[in-house]
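Colleague: Let's see this in three dimensions:
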Amino acid sequence: MATEHRSAANAADDRVDEDVILEVRNASVSFSMDRGDSRVLRDVSLDVRAGEVLGVVGESGSGKSMLASALLDAVVSPGQVSGEIRYHPPDGSPVDILSLSREELTRLRWNEISFVIQGAQSAFNPTMTIGDHFEETLRAHDADVRAGMEHARELLADLYLPAGQVLRSHPHELSGGMKQRALIALGLVLDPNVVVMDEPTAALDLLMQRSIISMLEDLQEKYDLTFVFVTHDLPLVADLADRLAVMYAFDLVEIGPADEVIDHAAHPYTRALLNAVPNISDRTMDLEGIAGSSPDPVGLPEGCSFNPRCPLADGLCETEDPNLSDAGSEHEVACFHWEDARREIPLTLDESGDPAGDADSPGGEPR
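Modeller: Purely as a prediction, here's the structure:
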């Protein structure tokens, strides 16, 4: 994967792997405000590979949901998306998403790339049944309604829902978990290749969250799907994701294979996120909150955006903004002191939630 960071893509040097289905280069989102221009996505570059689950994680306000909207050119006005976002369909030429007309975008969305938003209650019209929502979506995209509704029933069954009952129900008649699963099925009814999911398990209890993760694994295998899974819950998505992309201050700060990022996180922010995860098997363990607060998009700090909160920050961090650099096999990090971070910021939990350090931190045992 050729991942770039805060630099324009060079057509001569920037080769896209054959398995890439979404190619993002220097994607930015800005809003004009009375107190100045606000950039809520800053020159993000990454590739999404066909058939993978890419988990996008970070605190609230880190820009991860804005990245999800930008992938479909769905940022609400007056937000402006810039950069390059290209979709590489399995058959056909690459599609420049940001240059599409409204009609072309309508054809792309749902059919090729679908978007499952957080908050199923607000996603459904309370006056319509769930079945009405499926039929409306199928008709809006000129799909065969009868065949589409048969597929809807199959998808609902795949998500362990009683299809007949759910399709006859109004949204308020379903539990939160049932509504969220129905919304996922709605996002898949037109057989898209890519599904962008923005906090699909938010506001659900832990058991339902884990159940939905397991169901998504089955759906991915059955329908050969590519998922971009956006969440603030790093341990949750780690069970599903092939790779993790960590965002801070509207930018990408670390990306790599999920196991590698969890076990050998290189950015101080990623390690802080992991250390803030509660351990249900050890009630005596103190949680380590991240000192300070997320930066204002209008007044980002000079240099590395994490430097005001970072225990390793020095003069270089206060003046220079680090680019992504190699931190291992397909593992990249935007930090000048990532090797020190592994040594000096031990991880309190391993990927299973047990107390442990990693192999590069003091007292850590190799795993």
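Colleague: nearest residue to residue 322 other than its sequence neighbours?
Modeller: Sequence neighbours aside, residue 334 is the residue nearest to residue 322 in space, at 4.7 Å (criterion: C-beta to C-beta, 6 or more residues apart in numbering). Heads up, the C-betas are built off the backbone N, CA and C, glycines and all.
Colleague: Could you double-check that that neighbour lies in contact with residue 326?
Modeller: No. Under the criterion of C-beta atoms under 8 Å, residue 334 is not in contact with residue 326, lying 11.5 Å apart.
Colleague: Please say which of the two ends up with more neighbours.
Modeller: The neighbour comparison of residue 334 against residue 326 (other C-beta atoms under 10 Å) goes to residue 334, with 26 against 12.
Colleague: wait, what's in contact with the closest residue to residue 95 other than its chain neighbours?
Modeller: In space, residue 95 comes closest to residue 87 once its chain neighbours are excluded; the distance is 4.4 Å by C-beta to C-beta, 6+ apart. Residues near residue 87 by C-beta atoms under 8 Å, 6 or more residues apart in numbering: 21-23, 94-95, 97, 108, 112-113, 194.
Colleague: Equivalent analysis for residue 297, please.
Modeller: Contacts here follow C-beta under 8 Å, 6+ apart; on that basis residue 297 touches 38-40, 250.
Colleague: Try it again at 6 Å.
Modeller: Residues counted as contacts of residue 297 (C-beta atoms under 6 Å, 6 or more residues apart in numbering) are 38-40.
Colleague: closest to residue 219 among those?
Modeller: Ranking these by separation from residue 219, with C-beta to C-beta as the measure, puts residue 40 on top at 30.5 Å.
Colleague: Which members of the contacts of residue 87 occur in strands, if any?
Modeller: Using DSSP state E, the members of those that fall within strands are 21-23, 95, 113, 194.
Colleague: Which one of those residues sits in the busiest neighbourhood?
Modeller: Among the ones in strands among the contacts of residue 87, residue 113 has the most neighbours (other C-beta under 10 Å), with 24 neighbours.
Colleague: Just list whatever residues bridge to that one.
Modeller: Beta bridges link residue 113 to residue 109, residue 194, judged by DSSP bridges.
Colleague: pretty sure it contacts residue 194?
Modeller: Yes. Counting by C-beta atoms under 6 Å, a contact exists between residue 113 and residue 194, whose distance comes to 4.4 Å.
Colleague: Pull out the buried positions in stretch 268-276.
Modeller: Residues of stretch 268-276 classed as buried: 268-275 (neighbour count, 16 or more other C-beta atoms under 10 Å).
Colleague: Just the C-alphas of that stretch, formatted as PDB.
Modeller: As requested, the backbone C-alpha atoms of stretch 268-276 are provided in PDB (Å, rounded to 0.1, in the frame of the first residue of the first chain):
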ATOM      1  CA  PRO A 268       1.800   8.000  21.800                       C
ATOM      2  CA  TYR A 269      -1.900   8.800  21.100                       C
ATOM      3  CA  THR A 270      -2.700   5.200  20.100                       C
ATOM      4  CA  ARG A 271      -1.000   3.900  23.200                       C
ATOM      5  CA  ALA A 272      -3.000   6.400  25.300                       C
ATOM      6  CA  LEU A 273      -6.200   5.200  23.700                       C
ATOM      7  CA  LEU A 274      -5.400   1.600  24.500                       C
ATOM      8  CA  ASN A 275      -4.400   2.500  28.100                       C
ATOM      9  CA  ALA A 276      -7.800   4.200  28.500                       C
END
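Colleague: Can you tell me what sits against that stretch?
Modeller: Residues outside stretch 268-276 that contact it (C-beta under 6 Å, 6+ apart): 234, 246, 248, 253-254, 265, 287-290, 306, 310, 312, 341, 345, 347-348.
Colleague: taking the ones in strands among the contacts of residue 87 as a set, which two sit the farthest apart in space?
Modeller: For the ones in strands among the contacts of residue 87, the farthest-apart pair by C-beta to C-beta is 23 and 113; their separation is 12.8 Å.
Colleague: Quick one: find the helix or strand in the chain with the lowest mean pLDDT.
Modeller: Within the chain, judged by mean pLDDT, DSSP states H and E, the helix or strand with the poorest mean is helix 120-123; its value is a mean of 76.
Colleague: the helices in the stretch 1-150 of the chain, which residues?
Modeller: When assigned using DSSP state H, counting those that start in this stretch, the helices of the stretch 1-150 of the chain occupy the ranges 64-71, 102-108, 120-123, 130-140, 145-158.
Colleague: Please produce JSON lines containing those, extended by mean neighbour count and distance to residue 45.
Modeller: Putting the helices of the stretch 1-150 of the chain into JSON lines (neighbours: other C-beta atoms under 10 Å; distance: least, C-beta to C-beta, whole Å) gives the following:
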{"stretch": "helix 64-71", "mean neighbour count": "25", "distance to residue 45": "11"}
{"stretch": "helix 102-108", "mean neighbour count": "12", "distance to residue 45": "21"}
{"stretch": "helix 120-123", "mean neighbour count": "16", "distance to residue 45": "30"}
{"stretch": "helix 130-140", "mean neighbour count": "18", "distance to residue 45": "32"}
{"stretch": "helix 145-158", "mean neighbour count": "17", "distance to residue 45": "33"}
